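Peer 1: structure for this input, please:
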Amino acid sequence: MRYTAVLHFVAVIAVLLITWGTLINLSEIQKKANILLGNNAGQIETFKMTPPTVPKCSLSRHCPPEHFAVHIRSGAANVVGPKICFDGKIIMGHVLNNVGSGLNIVVINGETGVVEKYGFLNMKTGIQDDILAYLKAIEPGMIVMVASYDDVTTKMTNEMREIFAGMGSTLIKSLKHRDNWVFVGRAGTKDKSSFEKHAVNDEKSNAFEGWPVTVEVGGCIPRGAAGQKP
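Peer 2: Alright, predicted model coming up:
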């Protein structure tokens with residue numbers, strides 16, 4: 001009887017020793033695994049994949065650092081208004097109900113990227129002196145985005161054309177009745193803009209009855225510099 005009790009005691013001790021040894025081995029294995037994984041805290045790190053971001057203003061690529069994304073589209077006939085997007089935000093658009101007949105224009109501080117003002121200059125019924133004063137008040141270095149809607153030539157003067165030419169436009173002097181035009185330039189520079197398109201009002205090629213196709217441009221414009229990347 002005593003012999004049986006001793007055997008039982010020895011068996012219990014053996015089981016405890018084996019269990020203890022197994023736990024020590026598991027602990028050592030876990031430590032080695034943590035060292036191999038570079039996880040000293042004893043926890044397996046989880047990595048979350050960051051979803052890709054969409055380029056601003058629906059461009060085909062992201063702009064490099066210190067550049068602003070721009071995209072601009074003219075109006076369609078006198079029915080659908082233009083759209084002007086700057087640095088990922090639509091500043092003017094038909095759905096925003098803040099566009100109008102004539103020159104739709106956004107003026108941005110070229111250094112800070114702050115939108116200084118925006119609106120439309122009525123080139124059919126507006127006062128020429130007021131339109132000219134507005135354009136002359138744009139300070140050098142400002143980024144200027146312009147999109148046509150309806151007709152922009154009725155009140156257009158040579159002096160106004162010269163102002164846009166001084167911002168880098170090369171097509172403004174050929175703009176005629178009901179032509180479509182989009183332009184992004186910088187006040188105070190005569191360097192040719194990379195962002196300008198012109199659709200001529202021509203009965204043979206018009207997309208709509210009496211109206212040419214819409215035009216649009218987009219790309220990256222550097223902060224506080226004259227260069228441009230289409």
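Peer 1: so for stretch 57-65, what's the average pLDDT?
Peer 2: Stretch 57-65 carries an average pLDDT of 96.
Peer 1: hmm, residue 194 is touching residue 219, no?
Peer 2: Yes: because the distance of 6.6 Å satisfies C-beta atoms under 8 Å, residue 194 is recorded as touching residue 219. From N, CA and C alone the C-beta is placed, and that goes for glycine too.
Peer 1: and these two? Which one has more around it.
Peer 2: residue 219 (20 against 16; other C-beta atoms under 10 Å).
Peer 1: helix or strand: which one has that one?
Peer 2: In this assignment (DSSP states H and E), residue 219 forms part of strand 216-222.
Peer 1: buried residues in that strand?
Peer 2: Across strand 216-222, burial judged by 16 or more other C-beta atoms under 10 Å covers 217-222.
Peer 1: now swap in stretch 85-102 and tell me
Peer 2: Buried residues in stretch 85-102, counted by 16+ other C-beta under 10 Å: 85-87, 91-94, 98-102.
Peer 1: show me the residues you listed that map onto strands.
Peer 2: Members of the buried residues of stretch 85-102 lying in strands (criterion: DSSP state E): 85-86, 91-93, 102.
Peer 1: now those as JSON lines including pLDDT and distance to residue 57?
Peer 2: Formatted as JSON lines, these follow (pLDDT from 0 to 100; distance: C-beta to C-beta, whole Å):
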{"residue": "85", "pLDDT": "98", "distance to residue 57": "4"}
{"residue": "86", "pLDDT": "98", "distance to residue 57": "7"}
{"residue": "91", "pLDDT": "98", "distance to residue 57": "10"}
{"residue": "92", "pLDDT": "98", "distance to residue 57": "13"}
{"residue": "93", "pLDDT": "97", "distance to residue 57": "12"}
{"residue": "102", "pLDDT": "97", "distance to residue 57": "23"}
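Peer 1: tell me the one of those nearest residue 149?
Peer 2: Of all these, residue 102 has the smallest distance to residue 149: 6.7 Å, by C-beta to C-beta.
Peer 1: tell me who's in contact with the closest residue in space to the closest one that isn't next to it in sequence.
Peer 2: Excluding the flanking residues, the one nearest residue 102 by C-beta to C-beta, 6 or more residues apart in numbering is residue 123, at 3.7 Å. When contacts are counted by C-beta atoms under 8 Å, 6 or more residues apart in numbering, residue 123 is found next to 101-103, 131, 151-156.
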